[in-house]
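K.L.:
Give me the fold of what follows.
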Amino acid sequence: MFDLIGDIHGYANHLVRLLELLGYEKRAGVYAHPERQVIFLGDFIDRGPQIREVLQIARNMVEAGRALAVLGNHELNALAYHTPDPARPQESLRRHSPKNIHQHEQTKRQLSSGDLNSYLDWFRTLPLWLELDGLRVVHACWDRRQIAEIARFRPRNEPLSDEFLTSAYTPGLPLFAPVEVVAKGKEGPLPAGVSFEDKERNRRTAVRLRWYLSPAGQTYRTYAFETHPIECDEALSEDLLAEAEPYPEHAPPVFIGHYWLAPTRPATLSANVACLDYSVAKEGFLCAYRWSGESQLSNENFVWT
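P.N.:
Numbering: from 1, shown residues only. Next up is the predicted model:
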């Protein structure tokens, strides 16, 4: 059975406390449980003060068979940040803009160039999602159409190539939209003249969507997957309604991270959808879900520290 752990963002002390709370012990440099296995939901890096330690713990567990892991958008962004753009050889696929430099600053500061390259190579080997017996795991959004499209370009989960990353980070190329959805979630434009300020004080005119719910009867306020309320009670556009694909109520449980939920008592998003990102990098906490095969998720199975 599995213990699923949300976005860590360089907070190793929280990770160690959570693993110990879940009954894992460190033996020969690896945290292990006699009966259970961890699944990491990605976003190991950026922001926190102990990025090296988080990566060491997670990679050691994965390579020892004590954990599985999926890529988060921060790992994908790091790969693109350090991969040259073939169309603009002097630039990277992820531009070194002030915003992107700031976001990746702690990772570059805390890792030597050799360690950084080693972990970037490891990131290339991780899957974007997992579909196991009775459960699914993805960093931001389970969308069967986008997953199928990505699988066409990575059919055997081979290490991510520069060509894959180029397609995923170049608007208009085949993998750009699918990878955006799976790793960063679905977004939709707000009506003209409507905007909001996100958690990092950037002004936004598009909003993350509660993709797992039916959009029928929803407004932008009720369908937004944002930390701060969206002050817009207009009905959703016809385009958003047409593009929506709610997560089926009888599908296997799916676990996600990514969304910086407010640090309140953890709760499921629906009977078979749970988010495990409770903003550890912003005065929140690190959260896990102890899954033991159930098809209907329970709030009693969240564990956090």
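K.L.:
Let's verify residue 265: helix, strand, or coil?
P.N.:
coil (DSSP: H, G, I helix; E, B strand; the rest coil).
K.L.:
Now for it: which residues touch it?
P.N.:
Contact analysis of residue 265 by Cβ atoms under 8 Å, 6 or more residues apart in numbering lists residue 299. Just so you know, the C-beta spots here come from the backbone N, C-alpha and C atoms, and that holds for glycine as well.
K.L.:
Looking at stretch 295-305 now, give me its mean pLDDT.
P.N.:
Mean pLDDT, stretch 295-305: 97.
K.L.:
Just the terminal-to-terminal distance for it.
P.N.:
Distance across stretch 295-305, first residue to last, is 25 Å (Cα to Cα, to the nearest Å).
K.L.:
buried set for that stretch?
P.N.:
For stretch 295-305, the neighbour count (16 or more other Cβ atoms under 10 Å) marks 297, 301, 302, 303, 304, 305 as buried.
K.L.:
what do you get for stretch 68-86?
P.N.:
68-83, 85.
K.L.:
mind exporting it as PDB, just the C-alpha atoms?
P.N.:
Output in PDB follows, covering the C-alpha atoms of stretch 68-86 (Å, rounded to 0.1, in the frame of the first residue of the first chain):
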ATOM      1  CA  LEU A  68       7.900   6.100  -6.600                       C
ATOM      2  CA  ALA A  69       7.700   9.600  -7.900                       C
ATOM      3  CA  VAL A  70       6.200  11.700 -10.700                       C
ATOM      4  CA  LEU A  71       7.600  15.000 -12.100                       C
ATOM      5  CA  GLY A  72       6.300  18.300 -10.900                       C
ATOM      6  CA  ASN A  73       6.200  21.400 -12.900                       C
ATOM      7  CA  HIS A  74       9.200  22.800 -11.000                       C
ATOM      8  CA  GLU A  75      11.300  19.800 -12.100                       C
ATOM      9  CA  LEU A  76      10.100  20.200 -15.700                       C
ATOM     10  CA  ASN A  77      10.800  24.000 -15.500                       C
ATOM     11  CA  ALA A  78      14.300  23.300 -14.200                       C
ATOM     12  CA  LEU A  79      15.000  21.000 -17.200                       C
ATOM     13  CA  ALA A  80      13.800  23.600 -19.600                       C
ATOM     14  CA  TYR A  81      15.700  26.300 -17.800                       C
ATOM     15  CA  HIS A  82      19.000  24.400 -18.400                       C
ATOM     16  CA  THR A  83      18.200  23.200 -22.000                       C
ATOM     17  CA  PRO A  84      19.200  25.400 -24.900                       C
ATOM     18  CA  ASP A  85      16.400  26.500 -27.300                       C
ATOM     19  CA  PRO A  86      17.400  25.100 -30.700                       C
END
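K.L.:
Same list (the buried residues of stretch 295-305) but as TSV, adding secondary structure and distance to residue 189.
P.N.:
Listed next are the buried residues of stretch 295-305 as TSV, based on DSSP: H, G, I helix; E, B strand; the rest coil; distance: Cβ to Cβ, whole Å:
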residue	secondary structure	distance to residue 189
297	coil	32
301	helix	36
302	strand	33
303	strand	38
304	strand	34
305	coil	38
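K.L.:
Need the mean per-residue confidence for stretch 231-247.
P.N.:
The model assigns stretch 231-247 a mean pLDDT of 91.
K.L.:
List the buried residues of that stretch.
P.N.:
Those buried within stretch 231-247 under the rule 16+ other Cβ under 10 Å are 232, 236, 240, 244, 245, 247.
K.L.:
between these, which is nearest residue 293?
P.N.:
Nearest to residue 293, judged by Cβ to Cβ, of those is residue 247 at 19.2 Å.
K.L.:
list the contacts for the closest one?
P.N.:
Applying Cβ under 8 Å, 6+ apart to residue 247 gives the contacts 142, 211, 212, 254, 270, 272, 273.
K.L.:
mind running it again at 7 Å?
P.N.:
The neighbours of residue 247, taking Cβ atoms under 7 Å, 6 or more residues apart in numbering as the test, are 142, 212, 254, 273.
K.L.:
Now the first one: which helix or strand?
P.N.:
Read that as residue 142. Of the helices and strands defined by DSSP states H and E, none includes residue 142.
K.L.:
The nearest residue to it once chain neighbours are set aside - how many residues pack around it?
P.N.:
In space, residue 142 comes closest to residue 254 once its chain neighbours are excluded; the distance is 4.7 Å by Cβ to Cβ, 6 or more residues apart in numbering. Using other Cβ atoms under 10 Å, residue 254 has 22 other residues around it.
K.L.:
For residue 254, list the residues it contacts.
P.N.:
Per Cβ under 7 Å, 6+ apart, neighbours of residue 254: 136, 138, 142, 247, 272, 273.
K.L.:
Local confidence estimate at residue 166?
P.N.:
Confidence for residue 166, expressed as pLDDT, is 98.
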